[in-house]
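# How does the following fold in three dimensions:
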Amino acid sequence: MKAKLLNTLLLLTSLLGYLEWGNNQNAFLAHAEWDILKKTVTTPLAVAHPLIIIPMISQFLLLLTLFQKKASKMITYIAITGLGLLFGFIGLAGLLSLNVKIVGSTLPFLITVLVTTKYYRKLKKQPTN
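Residues are numbered from 1 along each chain as shown. Presented below is the predicted three-dimensional model:
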C-alpha cells in the first residue's frame with residue numbers, strides 16, 4: 001500500500017514543476033501538459049520531442065502502477081528515470097538562471113524520489129517468508 005501512495009505522490013509532484021521563459025511567460029507542468037495533450041490532437045508532430053514524450057510516458061507508467069495489485073518496482077524506477085531527465089533539466093535551468101522558484105518547484109519531486117528509492121531498497125533487504 002505504501003508503494004502505491006509513493007507512486008501517487010511521484011505522479012502528483014511531477015505536475016508541480018515550474019517553468020519561466022521570455023517576458024512574463026510561465027507555466028506549471030500540469031498546465032503545460034494539458035496544452036500539449038490538446039496539441040497532440042491537432043498537430044502531433046509539434047509535440048514529438050524526447051523531453052515531452054519521455055516524461056509523459058513516465059507519468060503514464062506511474063499511473064499504470066496504481067492499478068496493479070502490487071506496484072511494480074521496475075516500472076517505478078523506469079518512470080523515475082524518465083521524469084528525472086525532465087526535472088534534471090528544469091533544475092539545471094533554474095540554477096543557471098538563479099531562479100529560486102524554478103529550483104524550488106523541483107524539490108517536492110526530488111524528495112519524493114529519495115523517499116521512494118529508500119522504501120524500495122528497504123523492501124529488497126527484507127527477507128521474504
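
# Could you give me the buried positions within the lengthiest helix in the chain?
For the chain, the helix with the greatest residue count under DSSP state H is helix 100-125. Of the residues in helix 100-125, 102, 103, 105, 106, 108, 109, 112, 113, 116, 119, 120 count as buried by neighbour count, 16 or more other CB atoms under 10 Å. Backbone N, C-alpha and C define where each C-beta goes, glycine included.

# And stretch 66-82, by the same measure?
Within stretch 66-82, the residues that count as buried by 16+ other CB under 10 Å are 71, 72, 73, 75, 76, 79, 80, 82.

# Double-check residue 64 against residue 76; I have them as touching.
No. The criterion here is CB atoms under 8 Å, and residue 64 misses it with residue 76 at 10.0 Å.

# tilt between the helix or strand hosting residue 88 and helix 100-125?
Element membership of residue 88 [criterion: DSSP states H and E] is helix 73-96. For helix 73-96 against helix 100-125, the angle between stretch directions is 150 degrees (axes from the mean of the first three to the mean of the last three CA atoms, to 10 degrees).

# Any chance of the buried residues of helix 100-125 in CSV with distance to residue 15 and pLDDT as columns?
As requested, these are arranged in CSV below (distance: CB to CB, whole Å; pLDDT from 0 to 100):
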residue, distance to residue 15, pLDDT
102, 15, 95
103, 17, 96
105, 10, 96
106, 12, 96
108, 10, 97
109, 9, 97
112, 12, 97
113, 14, 97
116, 16, 96
119, 21, 95
120, 22, 92
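
# Residue 54: which of those residues is nearest?
Of all those, residue 109 has the smallest distance to residue 54: 14.9 Å, by CB to CB.
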